[in-house]
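J.: Task: produce atomic coordinates for the following.
(2 chains)
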Amino acid sequence: MPEPMTNADDAAAYVLGTLRARERRRFEARMKKSPELRSMVRALEVGSIGLAMAAPRREPPVRIWDGIHRAVVHDCEKRHRARTRRWLRSAAAIAACAVVGWFAYRSWDHRASTASPGVIAANDVSADAEKATDAAKPLARAMSQKSTASNLVSEPPRERQALRPTENATLRERVGDLENQVAHLAQTVNQQQPMPADFNRLTFVNIVPEGADATISQMSAPSPELRRALLLGVARQLGWMPHATPPSSTPLPSSTPPPTDPNPPAPQNELGVQFVDLPPVETPSPESQLPPVETPSPAPPPVSAATAPEETSAGDPISIPAFVSGTNMVFAMPPGTGSVNIYSANLFYGTVPLGNGPTVVNLPIQARAFDNSVPSQASPGPVRFSTWSAGSVRTFVFTFPIPPSTSP
Amino acid sequence: MQTAKKEVLRLPVKTAESHDATEGSIEKRLLAEIAAGCQQALASLYRRRGGLIYSLLVQMLVSETEAQEVMQDTFVQIWRRAPKYDPQRSPPLAWMIMIARGMALDRLRARQRHTAKHETYRREIASLGIEEMDGLRHAERGDLETACAAALQQLPAPQRRALQLAFLRGWTHEEIARAAGDPLGTVKARIRRGLMAMRQILKDYNA
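T.: Now for the predicted structure:
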């Protein structure tokens, strides 16, 4: 009865190489999973070294090494050749792929071109252009000239140009549009270039009621609505916002006092803001010197008048945002039901009715408006606004800075 | 006999230059260089272990001509298989011996499949030519090899024969048991113990 094989016996048979192929594979599979088996095999391998060392000593002939050396050199050359062959095969495969890919691309490109109706027509055009009698040739020449005139796109090759006239025409139309847009933009930029200088000349001020210096700290800032209206006035003054066509007639509010100006300026309503451009007053006329109805004295007070405020109305003191651009003064009035009379020195500019929204008034001040009582000094006279609303009068005084272009 | 046994066991402690661990590390480095394609490393390894492997092959194949052919093939195989050598699995010399033995056993099996009969067994035992430790041979061998040969001689004859038939002739356990007329388990145990005894000799020598 055969004795069952132990791990040690299997390991010994494995080390001595006496296991059959199937048993050997099975043992190696077991050995991979068992560190103990591996350790046992390692120990027995050392024993096999002892057995080999116990063999009677013989010295190998020299020719054995010569044979080994030749075989190794031959092996190296074979490896090198195999490596070179592998490299060449890879290079050939890559080159073949590249060639096949190139042909496939050419085939696809040709088929795509043939499938395009524009290209079919282009082929006809090209063929006819060769004959120099077809009408397509002048067309192609005209297109070529147009393309040359365009400096935004590079001129395509002549063959492609002849092949795809439809696409080229579409592209040229787009290029023409782009050129127009670029020209328009360039013009706009040229117009906008002096803007910073114009903008720098704007002087923003807050006009407070006359004699309100002592209570300036209590003045409420202009409302956002008024500030927005003044900003629109700035845009309008600088030409950023086109002037709308004024309506034929604007009804005045019912509470408007009897106007003193027989031809009040027609206001323009834009973006919820009423714009009033007062006409310049060239020569003081008796009519223009007439004070408004509610004004206590027909003659404006002197420049340095530090009199008591003429306002008789109750309510919170307000300030009027304004800016001066050259000889124009623009200010924004809050909504109201009354009107405002504007006069300066000995000139009366007119009466502006207030509306439901803010009113922006453009007031052109002429050199004569300045108080030239002192000839040696170019001192502009103050501008006064008298607002009349619900029977109350409020007067604002604003003293102009010296405009650069109107020095006497 | 007792005196010889005592002499074998009383081995001198080796110095660092002949330490097997150092030898093993040198051979590992050489195998790594061979794996990188260094022919000089192969020549160095041949100088160090060529004699041992050739001696083993001659003892296995008896014919020196065949041993030379297998010797050449063995070192070519070492050159080719060096990249696959794993130092964690086996010592370098054991790995080289395994290659040499495998090729020699293939040659033996190709020569003629032996029949596990008692006559064949006797013939093989005679061909093994187990050398006796005479003074001349002892002078030609190194200390470790002398110790190994002496340790093998110290083994009981049945154990030594079973070990040699398995190691040098590639006989299986069953073949040895059948030819010797011994139980299979006994043969297995003899072979296992014989290998462990040879290992112990190397262990004592390097201690």
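J.: Only C-alpha atoms from now on, for both contacts and neighbour counts.
T.: Noted.
J.: In chain B, mark out all the helices, start to finish.
T.: Using DSSP state H, the helices found in chain B span residues B:2-9, B:20-35, B:39-61, B:64-81, B:92-111, B:118-128, B:135-140, B:143-154, B:157-169, B:173-180, B:184-206.
J.: Check those for me: which has the lowest mean pLDDT.
T.: Averaged per stretch, pLDDT over the helices of chain B is lowest on helix B:2-9, reaching a mean of 41.
J.: how big is the angle separating the helix ranked longest in chain A from helix B:64-81?
T.: Taking DSSP H as the assignment, the helix of chain A that covers the most residues is helix A:62-115. With axes from the mean of the first three to the mean of the last three C-alpha atoms, to 10 degrees defining the directions, helix A:62-115 sits at 40 degrees from helix B:64-81.
J.: Tell me the helices and strands packed up against helix A:62-115.
T.: Helices and strands touching helix A:62-115, by 3 or more C-alpha pairs under 8 Å, 6 or more residues apart in numbering or on different chains; DSSP states H and E, are helix B:64-81.
J.: Can you give me the buried ones in the helix it packs on?
T.: Residues B:64, B:66-68, B:70-80 are the ones in helix B:64-81 that count as buried (16 or more other C-alpha atoms under 10 Å in any protein chain shown).
J.: check those residues against chain A, which are close?
T.: With C-alpha under 8 Å from any C-alpha of the partner chain as the criterion, the members of those in contact with chain A are B:68, B:71-73, B:75-76, B:79.
J.: From those residues, pick the one nearest chain A.
T.: Here the nearest of those to chain A, counting by C-alpha to the nearest C-alpha, is B:Gln72; it sits at 5.3 Å.
J.: Excluding covalently adjacent residues, which one is nearest to that closest one?
T.: A:Ile68 (5.3 Å; C-alpha to C-alpha, 6 or more residues apart in numbering or on different chains).
J.: Give me the distance between the one you found and A:Pro321.
T.: Distance check for A:Ile68 against A:Pro321: by C-alpha to C-alpha, to the nearest Å, it reads 107 Å.
J.: do A:Thr166 as well
T.: According to C-alpha to C-alpha, A:Thr166 stands 60 Å off from A:Pro321.
J.: of the two, who's got more company?
T.: A count of neighbours by other C-alpha atoms under 10 Å in any protein chain shown puts A:Pro321 above the other of A:Thr166 and A:Pro321, at 24 against 16.
J.: Verify the stated contact: the more buried one with A:Thr203.
T.: No. Between A:Pro321 and A:Thr203 no contact is recorded; they are 10.8 Å apart, counting by C-alpha atoms under 8 Å.
J.: for the residue nearest to the spatial centre of chain B, what are its contacts?
T.: With distances taken as C-alpha atoms, centre = their mean, B:Leu56 lies nearest the centre of chain B, 5.8 Å away. In this structure, B:Leu56 makes contact with A:52-53, A:55-56, judged by C-alpha atoms under 8 Å, 6 or more residues apart in numbering or on different chains.
J.: Of these, which ones also sit close to chain B?
T.: Under the cut-off given by C-alpha under 8 Å from any C-alpha, chain B has A:52-53, A:55-56 from the contacts of B:Leu56 close to it.
J.: just these now: which is nearest A:Phe103?
T.: Checking these against A:Phe103 by C-alpha to C-alpha gives A:Ala52 as the nearest, at 66.4 Å.
J.: how about the closest one, what does it touch?
T.: By C-alpha under 8 Å, 6+ apart, the contact list for A:Ala52 reads B:52-53, B:56, B:97.
J.: How about B:Trp95?
T.: Shown in contact with B:Trp95 (C-alpha under 8 Å, 6+ apart): B:Tyr85.
J.: what's the distance between the nearest residue to A:Arg227 once chain neighbours are set aside and chain B?
T.: Once its chain neighbours are removed from consideration, A:Arg227 has its nearest residue in A:Pro321; the separation is 7.0 Å (C-alpha to C-alpha, 6+ apart). For A:Pro321, the distance to chain B equals 91 Å [C-alpha to the nearest C-alpha, to the nearest Å].
J.: how's the chain carved up into domains?
T.: Assuming you mean chain A. The record assigns chain A these domain ranges, following automatic domain parsing: A:7-53, A:59-115, A:117-193, A:198-242+A:253-406.
J.: my bad, chain B
T.: According to automatic domain parsing, chain B comprises the domains B:12-113, B:115-207.
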